[in-house]
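Engineer: Make a model of this:
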Amino acid sequence: MSAVLEPQGLAGHDHSHDHDHPHGWRRWVYATNHKDIGTLYLWFSFVMFIFGGVLALGIRVELFQPGIQLIQPELFNQLTTMHGLIMVFGAIMPAFVGFANWMVPLQIGASDMAFARMNNFSFWLMVPAALLLAASFFVPGGAVAAGWTMYAPLTLQMGVGMDMAIFALHILGASSIMGSINIITTILNMRAPGMTLMKMPMFVWTWLITAYLLIAVMPVLAGAITMTLTDRHFGTAFFNAAAGGDPVMYQHIFWFFGHPEVYIMILPAFGIVSEIIPTFSRKRLFGYSSMVYATASIAILSFVVWAHHMFTTGMPLTGQLFFMYATMLIAVPTGVKIFNWLATMWRGSMTFETPMLFAIGFIVVFTIGGLTGVILSVAPIDVQLHDTYYVVAHFHYVLVAGSLFALFAGVYYWLPKWTGHMYDETMGKVHFWSSMIFFNITFFPMHFLGLAGMPRRYSDYPMQFADFNAVASVGAFGFGLSQLILLYVVIKCIKGGPKAADNPWEARDGLEWSVPSPAPFHTFETPPTVR
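Structural biologist: The predicted structure is shown next:
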């Protein structure tokens with residue numbers, strides 16, 4: 001037992017304890033160390049990110065010109081559905097859980113996560129789920145072609161691929177719930193003495209709130225897809241209008257999960273950015289407590305705005321007004337966060353290493369996504385723009401330029417801590433600029449396509465939309481190839497490179513930094529200030 005309680009690396013060379021630290025493949029399969037499990041999550045999410053990206057490139061190949069090129073409409077719809085499901089449940093969410101596993105114990109001074117073996121289980125559940133999702137392309141009828149939202153009644157007529165997707169999502173949901181229980185327990189019970197809740201790093205705060213959101217909404221998704229399953233196989237009629245069911249009820253249940261879900265995918269990103277901006281501004285985070293309250297209020301409000309996805313379903317006017325105003329209200333705490341980051345940078349001694357570039361890029365492009373979201377919250381405008389490429393542009397600005405850029409920022413920021421080596425700064429900056437430029441080339445034209453009326457999830461379109469689609473397709477391939485730079489930088493950093501200092505961001509440009517109180521030895525969390 002003593003070897004389990006001792007900090008890693010202090011257990012000496014007593015071989016009776018070797019089973020506590022397995023080697024080779026056992027180190028990963030039986031991993032209970034939060035760092036190893038965090039690494040597994042990050043690599044898993046990167047593989048799924050590449051897979052989902054390849055599906056997206058299939059979509060853009062087809063849309064490069066009008067007419068049916070290579071991909072038949074049915075396969076096209078399967079690509080759009082699976083791209084969405086894989087990016088949301090296979091890439092973005094696991095990546096943030098990987099960050100939580102790595103950084104939360106370090107930032108609160110805990111020795112590990114609260115439930116180490118459950119941690120292992122919640123990771124390994126994701127692998128069969130991912131294989132199930134991917135395999136659904138190869139069964140009779142193919143993968144789900146109803147969009148990632150899996151709207152009834154389409155899903156009631158689909159082949160066995162739909163059942164595979166439902167099973168995969170159930171498994172992924174179970175994984176998320178276990179991970180969340182673990183994170184909440186770790187944060188509430190295992191903080192170092194003296195670390196009160198209002199002294200926790202922002203990343204820990206955002207994950208605490210996100211974990212509560214996950215536990216609240218994953219069972220709702222499970223309910224929606226279970227009802228779909230019983231409609232398909234057991235003679236119920238929840239969503240089958242012909243038998244007295246209501247397809248719109250599916251949308252209500254799905255979006256009651258789906259809207260908090262988009263905040264689950266952005267709140268940890270806010271946390272990462274709130275760590276990086278103070279470090280490279282050489283200042284404390286401006287308005288820490290307002291950041292905490294803003295994060296909490298975003299989470300609470302996210303439960304009362306779901307039907308803004310449903311303005312076109314014949315909602316009563318009072319319902320439209322409520323959801324319109326509630327959606328506008330959620331922009332207020334989000335704006336608080338943006339202004340706090342700007343105030344943190346204001347008159348700071350800023351330097352622009354790769355993590356800072358991605359963090360600033362995040363603020364710029366996420367703000368564009370937020371503003372188009374406010375535009376879409378206006379019910380009469382949304383009725384015009386619903387299911388057009390304007391919506392596609394909006395949520396990619398939030399999820400790619402939001403979640404993904406923050407993930408990149410976090411990788412570059414903590415890579416020296418994770419590997420002990422400095423990454424290649426020049427290649428990091430190349431990755432930033434190519435990602436930023438190609439991202440905007442891909443998704444900015446989609447605003448114009450949507451305003452001109454191009455519907456989403458169509459594999460063909462009239463000639464009037466050809467130019468912007470061609471531009472977007474070229475940008476997509478540039479953006480996809482840019483991500484190989486990240487892979488190169490990370491592998492090169494793992495293999496070696498200049499040794500990272502205890503605080504790799506400290507001795508930059510001859511600035512002397514003073515820290516108000518000595519930080520714990522295992523984290524460079526306390527933001528330094530200029531003397």
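
Engineer: Hmm, residue 397 and residue 368 touching each other?
Structural biologist: Yes - under the criterion of CB atoms under 8 Å, residue 368 lies in contact with residue 397, with a separation of 5.3 Å. Where C-beta positions appear, they are placed from N, C-alpha and C, glycine not excepted.

Engineer: Please name every helix or strand in contact with the helix or strand hosting residue 342.
Structural biologist: Taking DSSP states H and E as the criterion, residue 342 maps to helix 317-345. Using 3 or more CB pairs under 8 Å, 6 or more residues apart in numbering; DSSP states H and E as the contact test, the elements touching helix 317-345 are helix 267-281, helix 288-301, helix 354-377, helix 379-385.

Engineer: now do 7 Å
Structural biologist: Packing partners of helix 317-345 (3 or more CB pairs under 7 Å, 6 or more residues apart in numbering; DSSP states H and E): helix 267-281, helix 288-301, helix 354-377.

Engineer: Show me the one of these that comes nearest residue 237.
Structural biologist: Nearest to residue 237 among the helices and strands packed on helix 317-345 is helix 354-377 (32.6 Å), distances taken as CB to CB.

Engineer: Dump the closest one to PDB, restricted to CA.
Structural biologist: Written as PDB, here are the backbone C-alpha positions of helix 354-377 (Å, rounded to 0.1, in the frame of the first residue of the first chain):
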ATOM      1  CA  THR A 354       2.700  30.000 -30.300                       C
ATOM      2  CA  PRO A 355       0.300  29.500 -27.400                       C
ATOM      3  CA  MET A 356      -0.300  33.200 -27.200                       C
ATOM      4  CA  LEU A 357      -0.900  33.400 -30.900                       C
ATOM      5  CA  PHE A 358      -3.500  30.700 -30.800                       C
ATOM      6  CA  ALA A 359      -5.100  32.300 -27.700                       C
ATOM      7  CA  ILE A 360      -5.400  35.700 -29.500                       C
ATOM      8  CA  GLY A 361      -6.500  34.000 -32.700                       C
ATOM      9  CA  PHE A 362      -9.200  32.200 -30.600                       C
ATOM     10  CA  ILE A 363     -10.500  35.500 -29.200                       C
ATOM     11  CA  VAL A 364     -10.700  37.200 -32.600                       C
ATOM     12  CA  VAL A 365     -12.300  34.300 -34.500                       C
ATOM     13  CA  PHE A 366     -14.500  33.100 -31.600                       C
ATOM     14  CA  THR A 367     -15.900  36.600 -31.300                       C
ATOM     15  CA  ILE A 368     -16.900  36.500 -35.000                       C
ATOM     16  CA  GLY A 369     -18.700  33.100 -34.300                       C
ATOM     17  CA  GLY A 370     -20.400  34.700 -31.200                       C
ATOM     18  CA  LEU A 371     -21.700  37.600 -33.200                       C
ATOM     19  CA  THR A 372     -23.100  35.400 -35.900                       C
ATOM     20  CA  GLY A 373     -24.800  33.500 -33.100                       C
ATOM     21  CA  VAL A 374     -26.400  36.600 -31.800                       C
ATOM     22  CA  ILE A 375     -27.600  37.300 -35.400                       C
ATOM     23  CA  LEU A 376     -29.100  33.800 -35.600                       C
ATOM     24  CA  SER A 377     -30.800  34.300 -32.200                       C
END
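
Engineer: What angle do helix 267-281 and that helix make with each other?
Structural biologist: For the pair helix 354-377 and helix 267-281, the angle between their directions (axes from the mean of the first three to the mean of the last three CA atoms, to 10 degrees) equals 140 degrees.

Engineer: Count the neighbours of residue 297 for me.
Structural biologist: Taking other CB atoms under 10 Å as the neighbour definition, residue 297 ends up with a count of 17.

Engineer: Residue 324 too?
Structural biologist: The criterion is other CB under 10 Å. On that basis, residue 324 has 20 neighbouring residues.

Engineer: need the contact list for it.
Structural biologist: Under the criterion of CB atoms under 7 Å, 6 or more residues apart in numbering, the neighbours of residue 324 are 308, 377, 378, 379.

Engineer: Can you point out the buried residues in stretch 280-295?
Structural biologist: Within stretch 280-295, the residues that count as buried by 16 or more other CB atoms under 10 Å are 280, 281, 282, 283, 285, 286, 287, 288, 291, 292, 294, 295.

Engineer: ok, now which ones touch the residue nearest to residue 195 when sequence neighbours are not counted?
Structural biologist: Counting by CB to CB, 6 or more residues apart in numbering, residue 195 lies nearest to residue 108, which is 6.0 Å off, once chain neighbours are set aside. Shown here is residue 108, whose contacts under the criterion CB under 7 Å, 6+ apart are 187, 190, 191, 192, 195, 200, 204.

Engineer: Please apply the same query to residue 420.
Structural biologist: Residues counted as contacts of residue 420 (CB under 7 Å, 6+ apart) are 499, 500.

Engineer: Can you report phi and psi for it?
Structural biologist: In terms of degrees, to the nearest 10, the main-chain angles of residue 420 are phi 80, psi 0.

Engineer: Let me see the ranges of the helices in the stretch 101-250 of the chain.
Structural biologist: 116-124, 126-135, 160-189, 202-233, 247-264 (DSSP state H, counting those that start in this stretch).

Engineer: for the stretch 351-500 of the chain, that is, sorry about that
Structural biologist: In the stretch 351-500 of the chain, the helices defined using DSSP H, counting those that start in this stretch lie at 354-377, 379-385, 389-398, 405-419, 425-451, 466-495.
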